[in-house]
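Engineer: sharing a model that was predicted from the sequence below.
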Amino acid sequence: ERAEQDFIARNPKSRAIYQQATESLPGGNTRTAVFYPPFPVSIARAEGARLYDADGHEFVDLLGEFTAGLYGHSPQPIIDTIHKTLQRGISYGSQHEDEGKLAALVKLRFPSMDLLRFTNSGTEANLMALAAATVHTGKKKVLVFDGAYHGGAFTFKNGQSSPINAPYPYLIAKYNDEASVSRLLSAPENAGNVAAILVEPMIGSGGAIPAHRTFLHFLRKAATDAGALLIFDEVMTSRMHSGGGIQSQLPPELRPDLTALGKYLGGGMSFGAFGGKRAIMEMFDPRKPTALAHAGTFNNNVLTMAAGRCGLEQIFTPERAQELQATGERLLASLREASGNTLMKITGYGSILCFHFTRTAYEDIREPGDVYDHDKDLGALFHLWLLERGFYIARRGFFALSLVLTQEDLEAFVQAVREFVRIHAA
Ligand code: PLP
């Protein structure tokens, strides 16, 4: 409580901006994930790896826009590309060269994607991947995982599907738990009726909890045996390894049928894509009389297509991707060393990580259900503590590295974490 009082005193302008927003936005908010009590700081400007709020505070940006901010806030090649693109007009209502070029770059990186299509967001990418799966299989049910997040219309918590979810009959299994998947797939009412298994190869928003490799292998076989498609939601994990997602590490026979993408692949503009096996994606080929229609005014908007292409061609090369993965692994090791055997746990993979505050020092985190009754007060205190010291992460402990953070930024961050653990979590 005292930390909240201090926060309010330090942030009068953010508070006023927030209060004005509450008059026309419910709770002053149009994006649930960025709210935290008593009110979020209002960011006024960003540059490189820094955020600046309305009250003049500077933060090292460790959230990286929930992974969409991979390039940092001022990637010169992308900014120049956007300026040049704008000079040729904003929106054509037509096909144009950059969409095919960006699609080719994405296809080159993600080994399971023979063909793909663009959308405006990761949410839509999942919506379309599921639509493709239900039409392709002629089945209706979808197996998902508790604690997964596939976008605003696909959230699952405490074994429940959100009331605003897209209307599929969902079977909600436990992540990293083969028996729970087998039980659901073999239940008489489900057998033969499951169109898809939709899975994040690492649970992202739900706490940066990686799938065991054996679990992904199991899901591939389970989907095939059930006559269902396996869909990887790599909206967050697409940056992994050399930039081809977690699937790039799997042998061909274990790869998904369909993949959903989003976030940084649009160069920082709004972006989504879904794609996969030729035989499935060809359903959308408009030259066919029976083609499925998939429309969207901004699917191929010129800014996203040009910015995404520039990012992959000029900045996020496979080598840069591998370096980022290694930086994340080193940071995870340093943070685990700093937190030791305390109430603070850090999970994640590569450059996507999450802090957790367990009730005892000896708890394992294997699936999102393990974090539901964590110490949210200690988590909130940690978040406010970091903000006060100039480090910006998500309230729920989630953070993701960008390409523009320096070694000094990361060392200072580890130092702040070490100090918090010593005072509050030991
Ligand atoms: N899927 C995953 C795994 C995500 O993390 C997100 C966003 O955080 C989405 C889908 C939704 O993407 P978008 O916010 O672009 O709709």
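Structural biologist: It's in.

Engineer: need the contact list for the closest residue to the ligand within the stretch 251-400 of the chain.
Structural biologist: Closest residue of the stretch 251-400 of the chain to the ligand, CB to the nearest ligand atom: residue 262 (4.2 Å). No exception for glycine: its C-beta is placed from N, CA and C like everyone else's. Residue 262 makes contact with 68, 121, 122, 125, 235, 238, 271, 272, 273, according to CB atoms under 8 Å, 6 or more residues apart in numbering.

Engineer: wait, is residue 310 part of a helix?
Structural biologist: Yes - when DSSP: H, G, I helix; E, B strand; the rest coil is applied, residue 310 is found to be in a helix.

Engineer: just to revisit the earlier point, including neighbour count, could the contacts of residue 262 go into TSV?
Structural biologist: Output for these, formatted as TSV (neighbours: other CB atoms under 10 Å):
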residue	neighbour count
68	23
121	18
122	30
125	30
235	31
238	29
271	28
272	28
273	30
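
Engineer: just the residues you listed that are near the ligand?
Structural biologist: Among the contacts of residue 262, proximity to the ligand is found for 121, 122, 235, 272 (CB under 6 Å from any ligand atom).

Engineer: so which of those are in helices?
Structural biologist: residue 122 (DSSP state H).

Engineer: ok, the ones next to the ligand among the contacts of residue 262 vs the ligand, which is closest?
Structural biologist: For those, the nearest to the ligand is residue 122 (2.4 Å; CB to the nearest ligand atom).

Engineer: now the closest one: closest residue in space, sequence neighbours ignored.
Structural biologist: residue 262 (2.8 Å; CB to CB, 6 or more residues apart in numbering).

Engineer: if we can go back for a sec, now the ones next to the ligand among the contacts of residue 262 as TSV including pLDDT?
Structural biologist: Output for those, formatted as TSV (pLDDT from 0 to 100):
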residue	pLDDT
121	98
122	98
235	98
272	98
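
Engineer: buried set for stretch 28-46?
Structural biologist: 28, 36, 39, 40, 41, 42, 43, 46 (16 or more other CB atoms under 10 Å).

Engineer: buried residues in the one helix or strand residue 79 maps to?
Structural biologist: Residue 79 belongs to helix 76-86 when assigned by DSSP states H and E. Neighbour counts over helix 76-86 (16+ other CB under 10 Å) mark 78, 79, 81, 82, 85 as buried.

Engineer: now stretch 169-185
Structural biologist: Buried residues in stretch 169-185 (16+ other CB under 10 Å): 170-178, 180-181, 184-185.

Engineer: quick one: which of those sit in helices?
Structural biologist: Using DSSP H, those in helices are 178, 180, 181, 184, 185.

Engineer: correct me, but the first one touches residue 215?
Structural biologist: What it means is residue 178. Yes - counting by CB atoms under 8 Å, residue 178 does reach residue 215; the two are 6.6 Å apart.

Engineer: per-residue pLDDT, the residue of the chain positioned farthest from its centre?
Structural biologist: Distance to the chain centre peaks in the chain at residue 289, reaching 36.0 Å (criterion: CA atoms, centre = their mean). We note a pLDDT of 96 for residue 289 in this prediction.

Engineer: quick check: it is in a strand.
Structural biologist: No - Residue 289: not assigned to a strand; according to three-state DSSP it is coil.

Engineer: can you show me the CA trace of stretch 90-110 as CSV?
Structural biologist: This file holds the C-alpha atoms of stretch 90-110, laid out as CSV (Å, rounded to 0.1, in the frame of the first residue of the first chain):
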residue,chain,number,x,y,z
ILE,A,90,-1.1,5.0,-47.7
SER,A,91,-3.5,2.4,-48.9
TYR,A,92,-4.1,1.0,-52.4
GLY,A,93,-7.0,-1.4,-52.3
SER,A,94,-4.9,-3.7,-54.4
GLN,A,95,-2.2,-6.3,-54.3
HIS,A,96,1.4,-5.0,-54.3
GLU,A,97,4.9,-6.2,-54.4
ASP,A,98,5.9,-6.1,-50.7
GLU,A,99,3.2,-8.7,-49.7
GLY,A,100,4.7,-11.4,-51.8
LYS,A,101,8.2,-10.5,-50.7
LEU,A,102,7.3,-10.5,-47.0
ALA,A,103,5.5,-13.8,-47.4
ALA,A,104,8.6,-15.3,-49.1
LEU,A,105,10.8,-14.2,-46.2
VAL,A,106,8.4,-15.7,-43.6
LYS,A,107,8.1,-18.9,-45.5
LEU,A,108,11.9,-19.2,-45.7
ARG,A,109,12.2,-19.1,-41.9
PHE,A,110,9.3,-21.2,-40.8
